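Mind looking at a prediction? Sequence and model below.
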Amino acid sequence: MSDARDPVGDLRRIAFLLERAHESTYRVRAFRTAAAALRGKDVEQLAALERSGELRKLKGVGDVTARCVAESLRGEVPVYLRRLEATEGVELDTAAADLREALRGDCHSHTDQSDGGSPLWEMVETAITLGHDYLVVTDHSPRLTVANGLSPERLRRQLEQIAELNAGLSGFRVLTGIEVDILEDGALDQEEDLLAELDVVVASVHSKLRMPRDEMTERMLTAVANPYVDVLGHCTGRMVTGNRKRPESEFDADAVFAACAEHGVAVEINSRPERLDPPKRLLRLAVEAGCEFTVDTDAHAPGQLDWLDYGCTRAVQCGVPTEKIRNTWELQDLLAVRA
């Protein structure tokens with residue numbers, strides 16, 4: 001089978017492209033489940049299963065995924081994958097493409113330990129494939145029970161897992177982090193000693209999004225002034241597409257962005273297509289206020305880690321200076337923000 005491709009790699013690539021194209025979850029899951037079922041089997045084992053007809057009998061492998069495996073074993077790019085790669089999307093303009101090239105990592109991502117769809121190792125493998133130097137893992141904090149937020153004990157276990165994973169990596173680093181809820185009084189939803197240990201803390205509002213303007217402003221100002229906060233996540237909380245559409249939270253953006261600039265808190269440019277937060281008018285205000293930024297995917301699945309293009313386009317459209325975007329910096333400079 002010297003001419004064979006990597007069937008498991010092809011299945012994962014298909015899932016990745018489906019995610020990036022916002023295809024239905026069940027379709028993505030079909031390819032990821034098949035890849036998981038075949039993971040660890042070498043090409044000869046897969047070829048034997050395919051010849052005997054046993055491949056289609058494996059739990060998690062269906063007709064479409066089995067056909068892709070057979071094509072891959074013959075050394076062919078699976079037809080399903082060829083079609084996806086032929087329609088990957090429109091190229092970014094030159095300035096946005098240059099910014100995308102300058103990004104060294106992603107400061108906001110989720111694993112299946114909270115509400116993400118894939119394990120830590122798969123998110124990391126994808127980040128490496130995309131050419132990142134680092135990935136910040138920012139699973140949710142405990143009060144966000146709908147997202148299976150991490151208790152202090154679970155977060156400590158995750159930190160141990162990340163340390164073990166980093167011990168086996170070369171040229172890439174998994175950074176510890178959290179997307180911590182900003183509570184109604186502006187306090188943070190995690191123990192301070194744990195927040196102090198982390199590489200990057202993204203603080204976001206997930207509840208009572210329709211608070212009165214003055215109360216929301218005070219809530220956000222309190223959080224931004226907290227010395228453990230590094231990034232203000234998806235600041236308006238809006239949703240612009242899909243079934244979960246919701247308007248922006250109301251707050252004094254001038255005051256909040258001035259506080260971000262004063263306290264060294266980056267404003268996140270959230271690349272999720274349903275968020276695209278902050279809106280362009282507010283992103284321009286943050287530039288004028290002298291803020292620093294991160295361009296993040298808020299990825300909940302491996303394919304979503306390639307959504308940085310959306311954030312880069314908005315950053316260029318709003319005149320965000322590249323040098324003000326923290327994840328264009330060298331790793332030691334990013335980490336020095338907390339020093």
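Cool, the structure landed.

and stretch 112-132, how far out from the chain's middle?
Centroid separation between stretch 112-132 and its chain, computed with C-alpha atoms, centre = their mean, to the nearest Å, is 8 Å.

Could you work out the end-to-end span of that stretch for me?
20 Å (C-alpha to C-alpha, to the nearest Å).

Show me which residues of it are buried.
112-114, 116-118, 120, 122-124, 126-127, 130, 132 (16 or more other C-beta atoms under 10 Å). For the C-beta atoms, the positions are set from N, CA and C on the backbone; glycine is no exception.

Quick check: chain neighbours aside, which residue is closest to E125?
Using C-beta to C-beta, 6 or more residues apart in numbering and skipping the chain neighbours, the partner closest in space to E125 is P302 (7.8 Å).

What segments of the stretch 1-150 of the chain are strands?
For the stretch 1-150 of the chain, the strands defined by DSSP state E, counting those that start in this stretch occupy 105-106, 134-137.

Which one of those lies nearest to A35?
strand 134-137 (19.9 Å; C-beta to C-beta).

can you tell me the helix or strand for G177?
Assigning secondary structure by DSSP states H and E places G177 in strand 173-181.

what residues does the helix or strand following that strand touch?
The helix or strand immediately downstream of strand 173-181 is helix 192-197, counting by DSSP H and E. With C-beta atoms under 8 Å, 6 or more residues apart in numbering as the test, helix 192-197 has contacts from P152, L155, R156, L159, T176, I178, V180, L188, V201, Y228.

about what we covered before: and the strand holding G177, how far out from the chain middle?
11 Å.

Can you dump the C-alpha atoms of it in PDB for me?
Output in PDB follows, covering the C-alpha atoms of strand 173-181 (Å, rounded to 0.1, in the frame of the first residue of the first chain):
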ATOM      1  CA  ARG A 173       3.200  25.600  23.200                       C
ATOM      2  CA  VAL A 174      -0.300  25.100  24.700                       C
ATOM      3  CA  LEU A 175      -1.000  28.100  26.900                       C
ATOM      4  CA  THR A 176      -3.300  27.900  29.900                       C
ATOM      5  CA  GLY A 177      -6.300  30.100  30.100                       C
ATOM      6  CA  ILE A 178     -10.000  30.500  30.800                       C
ATOM      7  CA  GLU A 179     -13.000  32.300  29.500                       C
ATOM      8  CA  VAL A 180     -14.200  33.500  32.800                       C
ATOM      9  CA  ASP A 181     -17.700  34.900  33.300                       C
END
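
If anything else comes up later, I'll come back, but that's it for now.
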